[in-house]
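A.B. asks: Compute the structure for the input listed below.
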Amino acid sequence: MGEASIPSGYGPESELVSGPDPVWLQLAAVLVARIERGDYRVLSPIPSLTQLEQEFGVARGTIRKTTALLAERGYVRIVNGKGVYVLPSE
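C.D. replies: You can find the predicted model right below:
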């Protein structure tokens, strides 16, 4: 997953569409935009996997892949059984 780059051009309110970018990367871009805008506060959890599934209409595996990428890039920390928390920007 280290090779994947989060695409630009997606904002905090963007909808996921069929297109050149995989859905999980589109979702990553939307979540990063929301983090940068301050929708999700530092050290607070982002919405749960279930909430993201419902909002975006994607499979849980897609969301897990997205959050793993965001954790790898230093945007969030995944705490098993607790949630996904926003990290302070470096």
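A.B. asks: buried ones in the longest helix seen in the chain?
C.D. replies: For the chain, the helix that runs over the most residues, judged by DSSP state H, is helix 23-37. By neighbour count on 16 or more other C-beta atoms under 10 Å, the buried set for helix 23-37 is 23-35. To be clear about C-beta, it is placed using only N, CA and C from the backbone, and glycine gets the same treatment.
A.B. asks: Downstream of that helix, the next helix or strand is which one?
C.D. replies: Counting by DSSP states H and E, the element after helix 23-37 in chain order, helix or strand, is helix 49-56.
A.B. asks: remind me which residues of this structure are low pLDDT?
C.D. replies: For the chain, the stretches flagged by pLDDT under 70 are 1-2.
A.B. asks: And for the longest helix of the chain, what's in contact with it?
C.D. replies: Under the contact criterion C-beta atoms under 8 Å, 6 or more residues apart in numbering, helix 23-37 has outside partners 4-12, 14, 16-17, 19, 21, 40, 46, 52, 56, 58, 62-63, 65-66, 69-70, 75-76, 86.
A.B. asks: 7 Å - rerun?
C.D. replies: 4, 6-7, 10-12, 14, 16, 40, 46, 56, 58, 62, 65-66, 69-70, 75, 86 (C-beta atoms under 7 Å, 6 or more residues apart in numbering).
A.B. asks: Buried by neighbour count, from those: which ones?
C.D. replies: If we count by 16+ other C-beta under 10 Å, the contacts of helix 23-37 have these buried: 6, 10, 16, 40, 46, 56, 58, 62, 65-66, 69-70, 75, 86.
A.B. asks: Among the residues you listed, name the ones in strands.
C.D. replies: Within those, membership in strands is found for residue 86, as judged by DSSP state E.
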